[in-house]
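1. got a structure for you, letters missing:
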């Protein structure tokens, strides 16, 4: 028995249109392109070197946030070890940089691949445990990596595998790519790297892995029954997150020239989860919001002379606010609340106008 | 054809399936029994979520128990769960396409096969609608579409009509009845709605406390005195 022809045609057309970009998609691509052009070309002209450095860090941490955003939001895996992964990436990139004369992009790519392999090791416990237990295990791991980095004195440019120099200015400094030696140029480089990482993430989310992750997040038995190799796709998620976090680490090394252990404290992994939840885990834009919170807010507080500890309080209250009132995160909440506020103001304005019109 | 030989499942001191031996010949077969009879446990054995203590399950000459759980879908095993499991954040099309992705069906046939499966179940919503926004009826139908796509061999439906009003159950019954003709798959239907079972199934097996107490043509089984006693004995309202 066949259902009437109309739904079938509608169905086929809708399926066809899901393959070709429709107008909405084209508009979205246009907006993103314009935004990227503004961020790349106009912003560095308008800002001082201080703020350019802050934005470089925001671009780098947007990639770190994106990794965690994918793990938590798409697959449902809570990792508290992402800052440790970032440290590993930064360390690998620095050593590759000191030990070889490889071009910067090759160093980044190799760092990504090596960190992805290590990230899969971190992901192994995720095959057995999830939720709170996974968070605990990854936190322990982050702690362990921090201990190792502290006791070996984070290598900052000396010779050998664990090279370290006692000079407070570090050693030779980590190279920057020859096309991006100045701060504004390196900022543009970091934004472009971040844009590529977001594209990689988007391609994953929109294809087979994304659908498999959605199935896993909803129900592992149902995903298995649908033929999803849950083990493989979970490890893949960890590897992907580690790949991009590792590359972010490579860019981070180049931005400061030197790396210090305090940049990768265990506590910062927890802060990272807080801001990623605040930004919003169900949209990749949430990672951008999270990175801005993570990098811009401290710089602003610093500028205003507020105590840096205030940040922990703000993030604590912020994450509570988001979890209670808008689990989708600020990326959804702020536009929604602004729209509501706009409607309210317009209604009030109309009411006031009507009153003014009614009274002689 | 699925041949189940002396299948036994134990959870500690409980034996939810106790020496079950039965052959499901093909077409649509019913599997009924009072609550706790072992129906869902039997499905979980077929899916690979539960490892039986003893016994064998042979489906179309393959030893199903030796296959890794996620590979069974690739081989052609499909199932629905008592609670809806269509993926809420994906569209109808993506929900069905992801099953095709993990099946052995040709990639080139995907779009046609997915649209055909969606059309087969007669959804009210379009293929681009997000499943999270669908009605209970449509979500159940998306699950059926997921079950019939990608050359299935065995389809397990676990209470597909649970929670649906009568009129919608009639449409569902019509869809389930056409599954063998659409796919050629052997379908096993678990449900408490006896009119649904008798409408869809030529043969029916009855489980009670993990034991097979009756098997045969559905109308005979439903008149069987042991079966009636099993239902009345454990569930007054049946």
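-> Right, received. Where do you want to start? Quantities reported herein were computed from a predicted structural model and do not represent experimental measurements.
2. every contact and neighbour count from this point should use C-alpha atoms.
-> Fine.
3. contacting residues for whatever residue of the stretch 51-200 of chain A ends up closest to chain B?
-> In the stretch 51-200 of chain A, the residue that lies nearest chain B is residue A:74 (10.1 Å; CA to the nearest CA). For residue A:74, the contacting residues are A:210, A:213-214, A:217, A:281-282, by CA atoms under 8 Å, 6 or more residues apart in numbering or on different chains.
4. go through the residues you listed and say which is closest to chain B.
-> For the contacts of residue A:74, the nearest to chain B is residue A:214 (6.9 Å; CA to the nearest CA).
5. is that closest one in contact with residue B:86, as I believe?
-> No. Residue A:214 is beyond contact range of residue B:86, at 10.4 Å (criterion: CA atoms under 8 Å).
6. which one's more surrounded, these two?
-> Between residue A:214 and residue B:86, counted using other CA atoms under 10 Å in any protein chain shown, the more crowded position is residue B:86 (27 against 23).
7. ok so that one is a helix residue?
-> No. Counting by DSSP: H, G, I helix; E, B strand; the rest coil, residue B:86 is not part of a helix but coil.
8. these two touch, right, it and residue B:94?
-> No. Using CA under 8 Å, residue B:86 is not in contact with residue B:94; the gap is 10.3 Å.
9. now do the contacts for residue A:84.
-> Per CA under 8 Å, 6+ apart, neighbours of residue A:84: A:141-143, A:145-146, A:264-266, A:269.
10. top of the residues you listed by neighbour count?
-> Among these, the one with the most neighbours (other CA under 10 Å) is residue A:142, at 27 neighbours.
11. do you know the pLDDT at the spatially closest residue to residue A:96 that is not a sequence neighbour?
-> Sequence neighbours aside, residue A:107 is the residue nearest to residue A:96 in space, at 6.5 Å (criterion: CA to CA, 6 or more residues apart in numbering or on different chains). Here, the pLDDT recorded for residue A:107 equals 92.
12. list phi and psi for residue A:107.
-> For residue A:107, the backbone dihedrals (degrees, to the nearest 10) come out as phi -60, psi -40.
13. returning to what we had before: okay if I get the contacts of residue A:74 as JSON lines plus pLDDT and distance to chain B?
-> Below are these laid out as JSON lines (pLDDT from 0 to 100; distance: CA to the nearest CA, whole Å):
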{"residue": "A:210", "pLDDT": "95", "distance to chain B": "10"}
{"residue": "A:213", "pLDDT": "95", "distance to chain B": "10"}
{"residue": "A:214", "pLDDT": "94", "distance to chain B": "7"}
{"residue": "A:217", "pLDDT": "92", "distance to chain B": "9"}
{"residue": "A:281", "pLDDT": "90", "distance to chain B": "13"}
{"residue": "A:282", "pLDDT": "89", "distance to chain B": "10"}
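14. dump these into JSON lines; add secondary structure and distance to residue A:354 as well.
-> Converted to JSON lines, the contacts of residue A:74 look like this (DSSP: H, G, I helix; E, B strand; the rest coil; distance: CA to CA, whole Å):
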{"residue": "A:210", "secondary structure": "helix", "distance to residue A:354": "52"}
{"residue": "A:213", "secondary structure": "helix", "distance to residue A:354": "53"}
{"residue": "A:214", "secondary structure": "helix", "distance to residue A:354": "50"}
{"residue": "A:217", "secondary structure": "helix", "distance to residue A:354": "51"}
{"residue": "A:281", "secondary structure": "coil", "distance to residue A:354": "43"}
{"residue": "A:282", "secondary structure": "coil", "distance to residue A:354": "42"}
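15. out of those, who's nearest residue A:201?
-> Closest approach to residue A:201 among the contacts of residue A:74 (CA to CA): residue A:210, at 9.2 Å.
16. pretty sure that closest one sits against residue A:201.
-> No. Residue A:210 is not in contact with residue A:201 according to CA under 8 Å; the separation is 9.2 Å.
17. just to revisit the earlier point, which among the contacts of residue A:84 gets closest to residue A:129?
-> residue A:141 (14.6 Å).
18. show the pLDDT at that closest one.
-> Looking at residue A:141, the pLDDT reads 86.
19. and what of residue A:17?
-> Looking at residue A:17, its pLDDT is 44.
20. do the same with residue B:70
-> Looking at residue B:70, its pLDDT is 90.
21. distance of it relative to residue A:230?
-> Separation of residue B:70 from residue A:230 (CA to CA, to the nearest Å): 8 Å.
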